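> Here is the input, now give the coordinates:
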Amino acid sequence: MRVNMPRKSGILGAGELGIFLVLVLLIGVVTLFQPNFLSIASLSNFGARASWFGIIALGVVFQLSMGEIDLSTASIYGLTINLAAILMVNFGIDPWVSVVICLGVGVALGAVNGILSTLFGIPVIIITLGTLSAFKGITLIISGGGYIYGLPREHPFFVLLGGTPLGIPMVIWVFAALTIILSVIYRRTRYGFMVRCIGSNLKAAELSGINIARVRIQTLMLTGFLCAVSGMLTLAFFSTADPNLGTGFELLAITAAIVGGTALSGGRGTVLGAALGALVIAVISSGIVQFGITANWSIFVTGVMIIAAVALDATIRRRQGK
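Purely as a prediction, here's the structure:
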């Protein structure tokens, strides 16, 4: 089996360029009516929101490219946030140690999804329908269903990761760095190659000697790690924990990846496109608020974007098939 490595003449591919132009157009339209939208405060606000679920979307690219969907990402995100806060407040554990523990928990929860899927021979989307609720339930149990206060805000963890270097929230810097690193991993490493092979043709990937189960587990562990990274950055930013943080992030992350050019049917994706897709979603949500429209419309728009992106991908594949 042969799968060609992606070839790009520039920083942006055709699909990525398209979503980038959409992003620029949306920002231009909102700014035309709301000039303050381009202020540092406004850009930082929607940039930070995009980064929280956008970091998760980077991992979703690998999942979708492999032909799998993990619905438990938001639950892993919320669980790591609340667990870290409890370790710091209730047990007096140093924030840095708590963060390392929770990053490990994120990886472990991702591994649980992968192992269960492999063990029972069930698609990840089915397994994570269950773990979504299980992980959320654990979050509610350990937090008591309420906010967790009293975090040591003066600790370097909160000062550094919750800070705003050059006026830009640290989460945005981390989001940008992860986008670059994971783009390289997706496009230039054997692991990224295997992920795309599995999504392109599962049977051919098996015959070529790729260990499907191992790659699946590795991918879900990567996603769990990214959920925990986003969770730790969120905790540092807000300096408090809420068991409901991240509700709906799983759909936003999937939408960002699909809108950014990752095929829902597998075999093709773009990490940079997912990052741009997250920014597009955040701009639309912020724009709706800027125009004084109820935030409920952003949920409707997200659904429409998913339908449009899936329909476009299906159309492209039909034409390629012909």
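> what residues are up against Thr302?
251-252, 255, 281 (Cβ atoms under 8 Å, 6 or more residues apart in numbering). All C-beta spots, glycine's among them, are computed from the backbone N, C-alpha and C.
> just Phe237 next, same as before
Taking Cβ under 8 Å, 6+ apart, we find Phe237 in contact with 48, 161-162, 169-171.
> ok so, going back, can you pick the most crowded of the contacts of Thr302?
Most neighbours among these, by other Cβ atoms under 10 Å: Leu252, with 30 neighbours.
> Mind giving me the packing neighbours of the helix or strand hosting that one?
Element membership of Leu252, judged by DSSP states H and E, is helix 249-259. The contact analysis (3 or more Cβ pairs under 8 Å, 6 or more residues apart in numbering; DSSP states H and E) places helix 249-259 against helix 40-65, helix 73-89, helix 271-290, helix 296-321.
> For Thr128, find the nearest of these.
helix 73-89 (8.3 Å; Cβ to Cβ).
> mean confidence score for the closest one?
Confidence for helix 73-89, expressed as mean pLDDT, is 97.
> what inclination does it have with respect to helix 249-259?
Put simply, helix 73-89 runs at 130 degrees to helix 249-259, going by axes from the mean of the first three to the mean of the last three Cα atoms, to 10 degrees.
> how about low-confidence regions in the protein?
Applying pLDDT under 70 to the chain picks out residues 1-12, 14-15, 295, 312-314, 316-322.
> Dump the helices and strands packed on helix 249-259 into TSV; add distance to Pro152 as well.
Listed next are the helices and strands packed on helix 249-259 as TSV, based on distance: least, Cβ to Cβ, whole Å:
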stretch	distance to Pro152
helix 40-65	22
helix 73-89	7
helix 271-290	30
helix 296-321	34
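> Which of those helices has the highest mean neighbour count?
helix 73-89 (a mean of 27; mean count of other Cβ atoms under 10 Å).
> In terms of secondary structure, what does that one contact?
Counting contacts by 3+ Cβ pairs under 8 Å, 6+ apart, helix 73-89 packs against helix 40-65, helix 95-120, helix 124-143, helix 212-238, helix 249-259.
> Nearest approach to Met305 belongs to which of the ones you listed?
Between Met305 and the helices and strands packed on helix 73-89, the tightest spacing by Cβ to Cβ is seen for helix 249-259, at 5.6 Å.
> residue nearest the centroid of the protein?
By Cα atoms, centre = their mean, the chain has its centre lying nearest to Ile56, at 1.6 Å.
> For that residue, which non-adjacent residue is closest in space?
Ala253 (4.1 Å; Cβ to Cβ, 6 or more residues apart in numbering).
> Any idea how many residues pack against the one you found?
With neighbours defined by other Cβ under 10 Å, the count for Ala253 comes to 34.
> how far away is it from Ile306?
Applying Cβ to Cβ, to the nearest Å, the value for Ala253 to Ile306 is 12 Å.
> same deal with Ala204?
For Ala204, the distance to Ile306 equals 29 Å [Cβ to Cβ].
> ditto for Gly269
Going from Gly269 to Ile306 by Cβ to Cβ gives 16 Å.
> Could you do Cys102 as well?
For Cys102, the distance to Ile306 (Cβ to Cβ) stands at 30 Å.
> so how far is Met66 from the closest residue to Gln218 other than its chain neighbours?
Nearest non-adjacent residue to Gln218, counting by Cβ to Cβ, 6+ apart: Tyr191, 7.0 Å away. According to Cβ to Cβ, Tyr191 and Met66 sit 11 Å apart.
> which neighbours do those two share?
Each of Val215 lies in contact with both Tyr191 and Met66 under the rule Cβ under 8 Å, 6+ apart.
> With neighbour numbers in mind, choose between the two.
Remark: of Tyr191 and Met66, Met66 carries more neighbours, 27 against 14, as counted by other Cβ under 10 Å.
> Spit out the contact partners of that one.
Applying Cβ under 8 Å, 6+ apart, we find Met66 in contact with 195-196, 198-199, 215-216, 219, 266.
> Quick check: the two most widely separated of these?
Taking Cβ to Cβ as the measure, these span a maximum distance of 13.6 Å, between Arg196 and Arg216.
> Please list the outside residues in contact with the helix holding Leu252.
Contacts of helix 249-259 (Cβ under 8 Å, 6+ apart): 19, 52-54, 56-57, 59-61, 64, 69-75, 77, 132, 264, 269, 273-275, 277-278, 280-281, 302, 305-306, 309-310, 313.
> so which of the contacts of Met66 is the most crowded?
Busiest of the contacts of Met66 [other Cβ under 10 Å] is Val195, holding 31 neighbours.
> isn't Glu206 right up against Ile212?
Yes. Using Cβ atoms under 8 Å, Glu206 is in contact with Ile212, at 6.1 Å.
> shared neighbours of these two, anything?
Common contact partners of Glu206 and Ile212 (Cβ under 8 Å, 6+ apart): none.
> Backbone torsions only: list them for Arg153.
Main-chain dihedrals, Arg153, degrees, to the nearest 10: phi -60, psi -20.
> Could you measure from it over to Ser230?
Per Cβ to Cβ, Arg153 is found 20 Å from Ser230.
> Sounds good, over and out.
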